[in-house]
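K.L.:
Provide a 3D model corresponding to the input given below.
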Amino acid sequence: MSYACVVESFRASNTLSGEELYRIEYVSLDGERAVSSCGMAVEPSLKVGNAAEFDFLMICAGGNLASFRDRNLDNWLRKLALSSTVFVGISGGTWMLARAGILNGRRCTIHWEYAPIFREEFPEINLRRTLYEIDGNCWSCAGGIAALDLMFDMIERDCGRPLAVAVGDWFLQTEVRLGGRPQRMSMRQRYEVTHPKLLHALELIEHHIDDPIGRDEIAAIVELSVRQLERLFREHLGVSVREHYVSVRLKQAQQLLSQSALSITEIATATGFMSGSHFARVFRESLGRSPSEMRETGGVNLDRVLVRKRSI
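P.N.:
Numbers count the residues shown, from 1 in each chain. So this is what the prediction gives:
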């Protein structure tokens, strides 16, 4: 999705303007075709390390970013950083820029599922939970359809607002979101609840994953009794406060297992468990497999979404 939003926006700009405003060169690590997770292949014209000049170098990446190592890529990016090239990290591409040191002293964003491990790996970098960020010659985008919002901004800067509007209109983009907008739906939308004190409690839980706070403290902060708090969770979410809190922390742990090289003990600490053994026990009881088994098989279900079947 990220890739399509970017390249189609360039194509639309050229088509609608009747000029070659943008010329795209595709680069892969070794010069061989790059195959996406959906099976689509992109034929490159260059490989990493080739002598080349770019106005923009856009890196699109996904998968287990922490397991990826390529010194040749790091060196190539650092060499290009000496030129006037503008770097754009798309989704996991921000990770590649950070690893090469391109984002030192810059603010950036990355897809929300990579944010926890990104903070662990690059604590000195100013990471935002926004759709996209522009900081000098370092641009970054959370990926998905946020790439289309970034492209609208880029085209407007390069070619003027009329063409940017025409491209957005061609792609049925009825609302252009500013870069500072949040990546995820609000708590109200995600949980389909409207009770303000329950929403406050949910926010507290998501902001205290590595340092869990007790049920009594949550109740005191939202100005409810523990009994009232539990009743709200049961009525609106169908689970207890503890059950929901554990599920949020385990979801975070699943992301770290699939996308990081952190040890089980480090993941336990990052998600607020007392020890690696405590984490492993709760993980197995909840998900039916140990953390190490899930990491080995790669069978990570990040969102255990309940699907309501409809009879027809």
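K.L.:
Just give me the neighbour total for the closest residue in space to F56 that isn't next to it in sequence.
P.N.:
In this structure, F56 finds its nearest non-sequential neighbour in V86, 4.9 Å apart by C-beta to C-beta, 6 or more residues apart in numbering. (Glycine included, C-beta is placed from N, CA and C.) Per other C-beta atoms under 10 Å, the neighbour tally for V86 reads 16.
K.L.:
so who does V86 touch?
P.N.:
D55, F56, L57, N137, C138, W139 (C-beta atoms under 8 Å, 6 or more residues apart in numbering).
K.L.:
how about the closest residue to the first one other than its chain neighbours, phi and psi?
P.N.:
This points to D55. Leaving aside its chain neighbours, D55 sits nearest to V86 (6.6 Å; criterion: C-beta to C-beta, 6+ apart). Dihedral pair for V86: phi -100, psi 130, per degrees, to the nearest 10.
K.L.:
follow-up on the earlier one: what's the pLDDT at the residue nearest to F56?
P.N.:
pLDDT recorded at V86 is 96.
K.L.:
With R304 instead?
P.N.:
42.
K.L.:
Over to R308?
P.N.:
pLDDT, read off for R308, is 35.
K.L.:
Poorly predicted segments of the stretch 151-300 of the chain, please.
P.N.:
Across the stretch 151-300 of the chain, residues meeting the criterion (pLDDT under 70) sit at 182, 185, 298-300.
K.L.:
ok, now how distant is the most centrally placed residue in the chain from P162?
P.N.:
Centrality entry for the chain: nearest residue to the mean C-alpha point is H111, 1.2 Å, by C-alpha atoms, centre = their mean. The gap separating H111 from P162 is 31 Å, by C-beta to C-beta, to the nearest Å.
K.L.:
and the longest helix for this structure?
P.N.:
Using DSSP state H, we find that the single longest helix of the chain is helix 241-259.
K.L.:
what's the following helix or strand after that helix?
P.N.:
helix 264-270 (DSSP states H and E).
K.L.:
Give the helix, strand or coil label for the closest residue to G272 other than its chain neighbours.
P.N.:
Leaving aside its chain neighbours, G272 sits nearest to P212 (4.2 Å; criterion: C-beta to C-beta, 6+ apart). Put simply, P212 is coil when judged by DSSP: H, G, I helix; E, B strand; the rest coil.
K.L.:
what ranges do the strands span in this structure?
P.N.:
Assignment of strands within the chain using DSSP state E yields the ranges 27-28, 34-35, 41-42, 46-47, 56-61, 86-91, 107-109, 126-128, 132-135, 138-141.
K.L.:
Dump these to JSON lines, plus distance to F233.
P.N.:
Shown next, in JSON lines, are those (distance: least, C-beta to C-beta, whole Å):
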{"stretch": "strand 27-28", "distance to F233": "49"}
{"stretch": "strand 34-35", "distance to F233": "44"}
{"stretch": "strand 41-42", "distance to F233": "47"}
{"stretch": "strand 46-47", "distance to F233": "54"}
{"stretch": "strand 56-61", "distance to F233": "38"}
{"stretch": "strand 86-91", "distance to F233": "33"}
{"stretch": "strand 107-109", "distance to F233": "31"}
{"stretch": "strand 126-128", "distance to F233": "30"}
{"stretch": "strand 132-135", "distance to F233": "35"}
{"stretch": "strand 138-141", "distance to F233": "35"}
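K.L.:
any idea which of those is most buried?
P.N.:
strand 138-141 (a mean of 28; mean count of other C-beta atoms under 10 Å).
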